[in-house]
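how would this look folded up:
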Amino acid sequence: MDLKANHNAPILTDPTPISKPRLGIHDSLLPYSSSGVFSQAPFLTNQRKKPGLLDDVRSTSWLDAMKSSSPRNIIKNNGTASSNDIAYRNWMLKYPSALASIDQIANNAKGKRMVLFLDYDGTLSPIVDNPDHAFMSNAMRAAVRNVAKCIPTAIISGRSREKVRQFVGLRELYYAGSHGMDIMGPVQPPTDHTTEVLEGNLYQPASEFLPMINEVFVSLVDITKNIEGAKVEDNKFCVSVHYRNVDEKNWTTVAQYVQDTLKNYPRLRLTHGRMVLEIRPVLKWDKGKAVEFLLESLGFSNCDDVLPIYVGDDRTDEDAFKFLRDVSPGGYGILVTPAPKESSAYYSLRDPSEVMEFINLLVMHKKSVP
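A predicted model of the protein is given here:
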């Protein structure tokens, strides 16, 4: 099916092996050749790291990074609620509310085709102690369903694609799980000629990593089983180690276990999000690349009449914000946060309730345009 002709029922083209070029995605994305020998690709020559080193932490230790990702430490470090409010208001001068700026966003969207990208945890659902209970509300689900009817909409999450699709429960969307390493187009309903329900084809640039990802998952489940509150989540192309419910005095042990495990897997890297350590393939692929891929699949790349919007709350969403800011001028990143922090986003929202309000306003403005 022509993706440009009907965004409600597109099919992503069939994936090819990583070693073959596809939409600019080829073996040079890997710092290893297919034989396992380290590649000399120019953009990776300075990216060699010791196994287990958090790749996005430079001047601070991994333990400091774990502490800084804790919401309770963000609040504590900013003082009283009153001073937090003042700091947030001052911060919003740089990152204005997307709700207050909705007219400006809508005006800039006139004559353009909007595309909406949404993170899941902390954006469509609240952050909860048990990641298995991160359910979105029925009202949020209705809002997302309504916006998907008039704007191509994708969920891009660190969760596995199947897990986030079960949480959302909508067929009309694109789903990109494992930080964009597992992408599927909308499910097509039966037609007059068939009763078969067709799913959009998959694109999985990290398929060859599945065996080692599974090995790491099994190892970490076993090694952390005696740490109270630790939870290891299988997100297919990445493994997430949640320490939100772990006593802070045991965070060092959690991180050490993860580092020790990764010493045997130099083709995997360690990053961190909000109260979670994440093991991912050493692959030049992230949420920004997923946004780029989806825009290309929709026929929207290098188009002046497209306005992509990405809404997310975590550091992994920054790759998408940077892509919209630097590679795809005219797009907007919207950071969801209750506390001030630096970002490549243009706008901000406080929490999922404001995200839902923003989505509903987008639908209203879209329907008001003839």
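
P308: what's it in contact with?
Residues counted as contacts of P308 (CB atoms under 8 Å, 6 or more residues apart in numbering) are 114-117, 291, 295, 300, 324, 328, 330-332. From N, CA and C alone the C-beta is placed, and that goes for glycine too.

before we move on, what about V246?
For V246, the contact set (CB under 8 Å, 6+ apart) comprises 227-230, 254.

now do E233
E233 sits next to 131, 159, 239-242 when contact means CB under 8 Å, 6+ apart.

let's go with 10 Å and repeat that
By CB atoms under 10 Å, 6 or more residues apart in numbering, the contact set of E233 is 131-132, 158-160, 163, 217, 220-221, 239-242, 276, 278.

how about it, secondary structure?
strand (DSSP: H, G, I helix; E, B strand; the rest coil).

what's opposite it in the beta bridge?
Note on E233: beta-bridge partners by DSSP bridges are S240.

so it versus R161, what's the distance?
For E233, the distance to R161 equals 14 Å [CB to CB, to the nearest Å].

can you list the weak-confidence ranges in the stretch 151-300 of the chain?
188-201 (pLDDT under 70).

can you give me the helices for it?
Under the criterion DSSP state H, counting those that start in this stretch, the stretch 151-300 of the chain contains helices at 161-168, 210-223, 251-262, 287-297.

right, and these - which one's nearest N108?
Of all these, helix 287-297 sits nearest to N108, with 17.3 Å by CB to CB.

list the buried residues of the closest one.
By 16 or more other CB atoms under 10 Å, the buried positions in helix 287-297 come out as 287-295, 297.

likewise for stretch 121-128?
Neighbour counts over stretch 121-128 (16+ other CB under 10 Å) mark 121-125, 127 as buried.

farthest-apart pair in the residues you listed, please.
Longest span within the buried residues of stretch 121-128, CB to CB: L124 and I127, 11.4 Å.

joint contacts of the two?
Common neighbours of L124 and I127, counting by CB under 10 Å, 6+ apart, are 134, 313, 352.

and the last one, its phi and psi?
Per-residue torsions, P352: phi -60, psi -30 (degrees, to the nearest 10).

same thing with the second one?
Comment: the main-chain dihedrals of D313 come out as phi -120, psi -10, following degrees, to the nearest 10.

repeat for the one 10 residues further on
Per-residue torsions, F323: phi -60, psi -50 (degrees, to the nearest 10).

can you count the residues close to it?
By the criterion of other CB atoms under 10 Å, F323 has 23 neighbours.

same question, D305
Neighbour tally, D305, other CB under 10 Å: 9.

contacting residues around the closest residue to it other than its chain neighbours?
Spatial nearest neighbour of D305, excluding adjacent residues (CB to CB, 6 or more residues apart in numbering): K112 at 4.9 Å. Residues near K112 by CB under 10 Å, 6+ apart: 303-308, 330.

which strand or helix spans N84?
Using DSSP states H and E, N84 sits within helix 81-91.

equivalent analysis for M356, please.
If you go by DSSP H and E, M356 is part of helix 352-368.

quick one, strands of this structure?
For the chain, applying DSSP state E gives strands covering 113-118, 153-156, 174-177, 182-184, 202-203, 231-234, 239-242, 268-273, 276-281, 306-312, 332-336, 347-349.

give me whichever of these is most buried.
Among the strands of the chain, ranked by average contacts under mean count of other CB atoms under 10 Å, first place goes to strand 153-156 (a mean of 27).

what's it packed up against?
Packing partners of strand 153-156 (3 or more CB pairs under 10 Å, 6 or more residues apart in numbering; DSSP states H and E): strand 113-118, helix 138-150, helix 161-168, strand 174-177, strand 182-184, helix 287-297, strand 306-312.

nearest to D85, out of those?
strand 306-312 (22.7 Å).

picking that back up, in TSV, list the buried residues of stretch 121-128 along with distance to D103.
Below are the buried residues of stretch 121-128 laid out as TSV (distance: CB to CB, whole Å):
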residue	distance to D103
D121	29
G122	26
T123	22
L124	24
S125	28
I127	30
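
tell me the domain ranges of this protein?
84-189+199-205+285-368, 209-281 (the TED database).
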